[in-house]
Structure formats: C-alpha cells, structure tokens
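> structure of the sequence below:
(chains A, B, C and D)
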There are 2 protein chains.
Amino acid sequence: MDVPQPTINRLPRYLFCLEQFTGDSSTISSSELARLADETAATVRKDLSYLGSHGTRGIGYDVNTLRSQIRGKLGLDQSRDIVIVGAGHLGSALATYEGFDEGDLRVVGIYDISPAVIGTRVGDMTVRHVDVMQSDLASRRCLLGIVAVPTGSAQDAADRLVAAGVCGILSFAPTLLRVPRSVFVRHIDLATELNSLSYYVNARRNAL
Amino acid sequence: MDVPQPTINRLPRYLFCLEQFTGDSSTISSSELARLADETAATVRKDLSYLGSHGTRGIGYDVNTLRSQIRGKLGLDQSRDIVIVGAGHLGSALATYEGFDEGDLRVVGIYDISPAVIGTRVGDMTVRHVDVMQSDLASRRCLLGIVAVPTGSAQDAADRLVAAGVCGILSFAPTLLRVPRSVFVRHIDLATELNSLSYYVNARRNAL
DNA sequence: TAGATTGTTAATCGATTAACAATC
DNA sequence: TAGATTGTTAATCGATTAACAATC
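Numbers count the residues shown, from 1 in each chain, chains lettered A, B, ... in the order given. The predicted structure is shown next:
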C-alpha cells in the first residue's frame, strides 16, 4: 500500500468536510480544512501530498479539484452497485438513504425472505425473494452487499451474497460472518458505536 | 488519557469477539483472541495489560473475567439511557435494535415532528412530539441522543437534544452538527462507510 | 518436570509535527 | 515586493512487535 493507512482513513473525512464547505472562495487552506476535520495543518498537507500535491503556495487548494482528486484516490469515480438483504426498517432506511444520491453509490436491489414484504415497494424498488437474488445479479460484477437482517439470518444472508458474487459486505448484524478470503467484510455494530460514544463522553466529562 | 487511544479503539472489538466466543474452555489465549480480532498476540497482551493483567501464565485469560474487565474499562457497567429523534425507518430500526438487549443500553424515548407517526407504537414505546422531549427528559442525567432525521432537520434535532441535556450525540445525518463543546458528537455516514468498503475491496483485489 | 502462555522490556517501525525554503 | 501558504525534510513522538524471563 503506497499511501499510509491513517491517510486513507482520513481522506473520506476530508471529502465529507469539503462537501459541507461553502466558503466565500473556491479555495481552502490546509489550516482551514484542518480546523473542519479536526486535524493539524501539517497532517492535512502531508495527506494531500499523497494525492500529487496540486495546491498553490500562498493560496491554498482548489476545492473542486481537491474533491475530485480524493474521490479518484478512493476509487469513488467508478460507480458502485449495492444490493441489500433484509427489507425491514434498517434495510428500508438504507435503500432510501439520501446520502447516496450525491455519490456514485446506487442501490440496485433489495431482497427478503418474508412473504409479508416481498412485492412491496421500497423507494423505487420492489422487494424480491432472496432465492432469485443470485440469478438477478448474474450479469453484474463486484457488487457491494449489505446485511440488514436479524442476527440469526445474518450468516445465511452473507452466504447468499457470496454466492451471488459480491466482493464486499457491510454488515449491521452483531455477529461475526464467515466468508471466503476474497470477500471483504466491514462491520457496523450499533451497540459498539454507542458504547464507544459513551466511553468518550465519560472521558470528556472527567477531563473538563 | 492513561490507556493509549489505539488500545481503547480495539477494546470494543475484543469485547465483541469474546461475546461471540464459544470455545470448549472458559479461557482464551492471547493468540486465539488475536486470531478472532485480527490482531497480533503481542498487541492483545499489551492491550489487556492495561486492564490490570489478570491472565494466567500457561493458561490464558478467563473469558468472563475479561469481558467484565473490558466492560468496566469502557464504562459499560453503568447503564445508559438513549433517546432517538426521528421515527422513520432508521429511527425505528434503532429503537428495536436487538444488539442493545445484551448490553446496558436502553432506549427510553423516541420523538418525531410528523403528526403521521406521533402516537404510533415502535417496539414497546409510543412516538411522542419533539416539543415535549425536553420536559420528558428533565429528570434524566447525561443521556445519549441519536439523530435519525433527514439532513435538513438534523441541526434542529441536535439543538433540541442539547436543550434536553444530552451529553453525547450519535448522528446518521450526512452533515456537520454545531453543538456546544461540552457535547460529544459521533458521526456515522453510511455513504462514507460504503465508500470506504469500496476502497478496501479494490485494494484487496489489486493485491490478490 | 515439561509445555504453555503471560507480562514486560527493549528494539523497531511508522506516523505526526515543527520548521522552513520554495514560491504563488 | 510583502504576505501567505504550500511541499518536504528532519526530529519527535508513540505504537507495534519480537523476544524472553517469569510462572502457571
């Protein structure tokens, strides 16, 4: 890996800040971006230098150029198709998530196993049975899959996604998924997120 | 901060793995936990040494003891009350999230502004109007709040949570929230998570 | 005892930061 | 030119890791 891991992890946050950024000018200085992203100016400059260093001395970085450079480095210039397994509240929330609109992420299908929801509409899609997922997706390459089912069904959902040819899975189920080494799994555990928040709240209160 | 930041960030993952762990024995070695958590055995031992080092040489760590030590260090032994603003799909999913059951996180209220959902049941709660949130919560101390509303309402939701006395906020809205310095904000941007997943999938495929 | 595994030291490795020449 | 800000070096800082004595 050419670019250091910490830099890669910060780039999405810089991008997020740049998308929020609505300054008077079309440029932003390393110190201003640092303030928004809660980093130091030196760290920002070092990180951005991995993109090829296209700032202007005395001026700063062009916001639009910087945005597309970060997007390019993160591979966001190529659009990504996403399938969701689980059409409950969480799956429905993800399927209609407004944040995807700006990016090149596109939800192309939502699947469930329950007759009660199959055939219902979620956003502009119709929920289909997981049994037809593999054939639905036969022609698509390297999709991302989202596991939004109860814990007990999570491994089955992951197995089906793998069979359907996804190469990355984002799981919200609080359980470890077993997948082939070629499939990358990312895990969001909401309880862990809240636990972590709770810890930092305590630490901050003790520090103040 | 006594315990290093990287250690703090890994503890929730260790805890997660220990909760999944169902070995023959009631003990786990540093190398086994390392395998589950995708770390090295030395890192695990160093991290656990910050808890007070209660492993047994030649044997390993008692799983139950270790779990409660980590929970203690993260402050999870004290239960936490959570309020949710936004009773759409995301808010409903969070309100009924099964992962909270095991821990000491408890959702005590869910609020919305839309007459269409106010009064409806979510799990074992009734959705109430955000206008009554502050008085509802007057007697509770240091709650955690979750922002699960559309981007346009996120700042208003945060303001109301702050007024109601929360000391930490977990936001799912893809926008920066302005809050007093005394309130800690944690941010989950689903688009960023998927972008990040996408990057690592690419990196992995290029490496294989 | 012999085997296993911890707890901890010291060495290595890598990331952050200060500082400043380059230059817009 | 004077002021501002980058790009990059070198120093500092901190985290990871190897290694091994301690000991169950």
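
> check what pLDDT residue A:197 gets.
Per-residue confidence (pLDDT) for residue A:197: 88.

> identify the residues contacting it.
Counting by CB atoms under 8 Å, 6 or more residues apart in numbering or on different chains, residue A:197 makes contact with B:144, B:168, B:170, B:184, B:186. In this view, the C-beta of every residue, glycine as well, is placed from N, C-alpha and C.

> export only the CA atoms of whichever helix or strand the third one is part of, formatted as CSV.
So that's residue B:170. Using DSSP states H and E, residue B:170 falls within strand B:168-171. What follows is strand B:168-171, C-alpha atoms only, in CSV (Å, rounded to 0.1, in the frame of the first residue of the first chain):
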residue,chain,number,x,y,z
GLY,B,168,-23.4,12.8,23.6
ILE,B,169,-24.9,12.5,20.2
LEU,B,170,-24.7,9.8,17.5
SER,B,171,-25.7,11.2,14.2
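
> next SSE downstream of it?
strand B:184-187.

> quick one: is stretch A:4-12 near chain B?
Yes: counting by CB under 8 Å from any CB of the partner chain, chain B is contacted by stretch A:4-12 at A:8-9, A:12.

> closest one of these to DNA strand C?
residue A:9 (8.3 Å; CB to the nearest atom of the strand).

> burial count for that closest one?
Burial measure for residue A:9: 12 neighbouring residues, criterion other CB atoms under 10 Å in any protein chain shown.

> what sits against it?
Residue A:9 neighbours (CB under 8 Å, 6+ apart): residue B:196.

> quick one: it is in a helix?
Yes: Residue A:9 forms part of a helix when assessed by DSSP: H, G, I helix; E, B strand; the rest coil.

> so what pLDDT did it get?
pLDDT for residue A:9: 92.

> assign residue A:202 to helix, strand or coil.
helix.

> by contact count, what packs against the helix or strand residue A:82 falls within?
Using DSSP H and E, residue A:82 maps to strand A:80-85. The contact analysis (3 or more CB pairs under 8 Å, 6 or more residues apart in numbering or on different chains; DSSP states H and E) places strand A:80-85 against helix A:89-95, strand A:105-112, strand A:144-147, helix A:151-163, helix B:190-207.

> and the lowest mean pLDDT element among the helices and strands of chain A?
For chain A, counting by mean pLDDT, DSSP states H and E, helix A:99-102 ranks last in confidence among helices and strands (a mean of 72).

> so who does residue A:26 touch?
Contact partners of residue A:26, counting by CB under 8 Å, 6+ apart, are A:62-64.

> how close does the residue sitting furthest away from the middle of chain A sit to chain B?
The C-alpha centroid of chain A is most remote from residue A:58, which lies 34.3 Å away (CA atoms, centre = their mean). Distance of residue A:58 to chain B, given as CB to the nearest CB, to the nearest Å: 28 Å.

> repeat that for residue A:39.
Look at residue A:39 and chain B: by CB to the nearest CB, they are 14 Å apart.

> format the helices and strands packed on strand A:80-85 as JSON lines; extra columns: distance to DNA strand C.
Shown next, in JSON lines, are those (distance: least, CB to the nearest atom of the strand, whole Å):
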{"stretch": "helix A:89-95", "distance to DNA strand C": "30"}
{"stretch": "strand A:105-112", "distance to DNA strand C": "27"}
{"stretch": "strand A:144-147", "distance to DNA strand C": "26"}
{"stretch": "helix A:151-163", "distance to DNA strand C": "28"}
{"stretch": "helix B:190-207", "distance to DNA strand C": "14"}
